[in-house]
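Student: Any chance you can model this:
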Amino acid sequence: MRIGLIGLPNSGKTTIFNTLTKLEAPVTAYTNAKAEPNLAVVEVADDRISRLSEMYRPKKTIYATIEFIDFVGVTEGSAKDGLFSGPGMELIKGADALAIVVRNFTNEPEHLPTPIDSMEKIIDELLISDLIIAENRLERIEHAYKRGKKTNALQVEEKVLRRIIDHVCENRAISELKLDREQEKVVRGFQFFTKKPLMVILNSDEYSFGRNNDLLKKIEKKHRVIEFAGKFEMELSGLNDPEEEYLFMIDMGIRESARDLLTRMAHGLVGYISFFTVGSDEVRAWNIHEGNTALEAAGAIHSDLARGFIRAECFTYDDLVAYGSENAVREKGRFRLEGKNYLVRDGNILNIRFNV
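Tutor: Modelled structure (predicted):
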């Protein structure tokens with residue numbers, strides 16, 4: 001899973017990035033669109049994997065991962081094709097979800113935070129960028145028509161692009177537009193920004209954190225939102241003593257780390273679930289989309305498993321913990337063989353039978 005952190009300059013994107021990744025990327029305002037984004041892959045905390053590792057004592061334990069991208073802070077007008085169109089944007093376009101970081105702290109007395117305005121500004125720019133992408137492609141299609149290349153595929157693409165343009169011109173995200181399967185296939189390649197799941201991170205200072213219920217409710221009317229005390233949590237993430245970190249969190253009223261909160265929200269937002277593979281060599285968590293089949297889960301592990309798929313041996317983490325061992329799960333009749341169309345559920349433990 002890949003999450004892109006975006007926001008206006010000085011919103012604290014890199015502070016949030018450092019909090020989530022425990023890295024020390026320089027916390028400065030980017031002055032142009034040529035700076036490189038910060039990238040990091042972090043493990044997803046999952047108590048189930050820890051428990052499975054205790055039970056199987058494998059040579060390797062591999063948690064699911066999330067890649068975070070802290071995109072450069074650019075200013076309006078720095079990119080001629082829209083705020084979100086310059087170098088490095090391919091990384092953000094490839095993200096599974098976007099997290100808008102909005103400032104809720106005061107830099108200087110004359111720079112009071114305006115979180116709602118900042119959020120709306122970013123969303124407007126995302127819409128503008130999508131509009132530019134759609135209009136540019138539509139222009140190329142019209143040129144193709146003039147050269148006598150009016151194929152059925154191009155006509156389908158033209159139709160859906162015109163719908164998108166009309167929809168975006170009403171200040172509505174592409175994710176709200178109902179498209180059929182063929183249209184979804186056409187749209188997928190464009191990687192439109194407002195087609196992606198979106199969440200908001202309210203980046204508060206330690207003095208106002210936990211006192212912004214009215215503001216959070218306003219944001220929640222349109223988007224999922226989570227509040228971080230970004231600078232405070234970044235400092236906490238640098239502590240080497242987990243117990244000391246926990247005590248500071250409790251004192252601030254922070255019940256769960258920023259990383260764990262964002263991970264859970266991102267899974268729900270993107271529609272990801274986790275299944276597990278277990279054994280003496282390796283215990284591992286895998287991310288797939290909710291609604292994926294056993295065949296697709298096999299493909300997530302390795303293409304050969306999907307190509308030679310026979311059956312999926314399946315039981316659940318809950319049953320394994322409840323009965324204490326795989327043998328006990330079998331004795332209780334909770335061990336199953338499933339076909340390729342079986343819909344994998346969160347917490348399933350799979351062993352793929354295959355023959356290539």
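Student: switch to C-alpha atoms for all contacts and neighbour counts from now on
Tutor: Fine.
Student: which stretches of the protein form strands?
Tutor: Taking DSSP state E, the strands of the chain run over residues 2-6, 38-43, 60-62, 65-70, 97-104, 198-204, 224-228, 272-277, 282-289, 309-316, 336-338, 348-354.
Student: So which of the ones you listed is nearest Thr19?
Tutor: strand 224-228 (9.6 Å; C-alpha to C-alpha).
Student: Direction included, what does that closest one pair against?
Tutor: Here strand 224-228 is paired, per DSSP bridges, with strand 198-204 (parallel).
Student: can you list the residues that contact the strand it pairs with?
Tutor: 11-12, 16, 97-105, 115, 119, 219, 223-230, 269 (C-alpha atoms under 8 Å, 6 or more residues apart in numbering).
Student: And stretch 268-277, by the same measure?
Tutor: Taking C-alpha under 8 Å, 6+ apart as the rule, stretch 268-277 contacts 64, 96-97, 197-199, 267, 283-290, 344-351.
Student: again with stretch 103-119
Tutor: For stretch 103-119, the surrounding residues in contact (C-alpha under 8 Å, 6+ apart) are 7-8, 10-12, 100-102, 200, 202-205, 219.
Student: got the residues you listed as CSV, with distance to His167 and pLDDT columns?
Tutor: Shown next, in CSV, are the contacts of stretch 103-119 (distance: C-alpha to C-alpha, whole Å; pLDDT from 0 to 100):
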residue, distance to His167, pLDDT
Gly7, 24, 91
Leu8, 25, 89
Asn10, 31, 86
Ser11, 29, 90
Gly12, 31, 89
Ile100, 22, 95
Val101, 25, 95
Val102, 26, 94
Val200, 22, 96
Leu202, 28, 95
Asn203, 31, 94
Ser204, 33, 93
Asp205, 37, 89
Ile219, 22, 95
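Student: okay, among these, which ones form the most distant pair?
Tutor: Greatest spacing in these, by C-alpha to C-alpha: Asn10 and Ile219 (20.0 Å).
Student: Among the contacts of stretch 103-119, find me the one that's closest to Val329.
Tutor: Among the contacts of stretch 103-119, and counting by C-alpha to C-alpha, the member closest to Val329 is Val200, at 42.0 Å.
Student: What's the separation between the closest one and Leu161?
Tutor: As for Val200, its distance to Leu161 is 27 Å (criterion: C-alpha to C-alpha, to the nearest Å).
Student: what does Gly7 give?
Tutor: Separation of Gly7 from Leu161 (C-alpha to C-alpha) stands at 27 Å.
Student: Point out where the chain drops to low pLDDT.
Tutor: Within the chain, the stretches with pLDDT under 70 are 28-35, 72-89, 108-110, 240.
Student: hmm, try it at 50
Tutor: Along the chain, segments meeting pLDDT under 50 span 30-34, 74, 77-80.
Student: Name the single longest helix found in it.
Tutor: helix 115-146 (DSSP state H).
Student: now it, how far from the chain's geometric center?
Tutor: 22 Å (C-alpha atoms, centre = their mean, to the nearest Å).
Student: what's around Ser244, how many residues?
Tutor: If you look again at residue 244, you'll see it is Glu, not Ser. Neighbour count for Glu244, taken as other C-alpha atoms under 10 Å: 11.
Student: One more: the one 5 residues further on?
Tutor: Applying other C-alpha under 10 Å, we find 17 other residues in the vicinity of Met249.
Student: what's near enough to touch it?
Tutor: So Met249 contacts 255-256 (C-alpha under 8 Å, 6+ apart).
Student: thinking again about what came up before, quick one, which of the strands of the chain gets closest to Asp260.
Tutor: strand 38-43 (10.1 Å).
Student: Also compute the angle for that closest one relative to strand 2-6, please.
Tutor: Interaxial angle of strand 38-43 relative to strand 2-6 (axes from the mean of the first three to the mean of the last three C-alpha atoms, to 10 degrees): 140 degrees.
Student: Just the buried positions in strand 38-43, please.
Tutor: Within strand 38-43, the residues that qualify as buried are 38, 40, counting by 16 or more other C-alpha atoms under 10 Å.
Student: What of stretch 134-145?
Tutor: Applying a neighbour-count criterion of 16+ other C-alpha under 10 Å, one finds 134-135, 137-138, 141-142 buried in stretch 134-145.
Student: same check, this time on stretch 101-117
Tutor: For stretch 101-117, by 16+ other C-alpha under 10 Å, it's 101-105, 113, 115-116.
Student: repeat for stretch 228-245
Tutor: Quick answer for stretch 228-245 (16+ other C-alpha under 10 Å): 228-234, 236-237, 245.
Student: again with stretch 282-296
Tutor: Under the neighbour-count criterion of 16+ other C-alpha under 10 Å, stretch 282-296 has 283-290, 292-296 buried.
Student: Output those as TSV; include the columns distance to Phe190.
Tutor: Output for the buried residues of stretch 282-296, formatted as TSV (distance: C-alpha to C-alpha, whole Å):
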residue	distance to Phe190
Val283	36
Arg284	33
Ala285	30
Trp286	27
Asn287	24
Ile288	22
His289	20
Glu290	23
Asn292	23
Thr293	26
Ala294	28
Leu295	27
Glu296	23
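Student: Perfect, that will be all.
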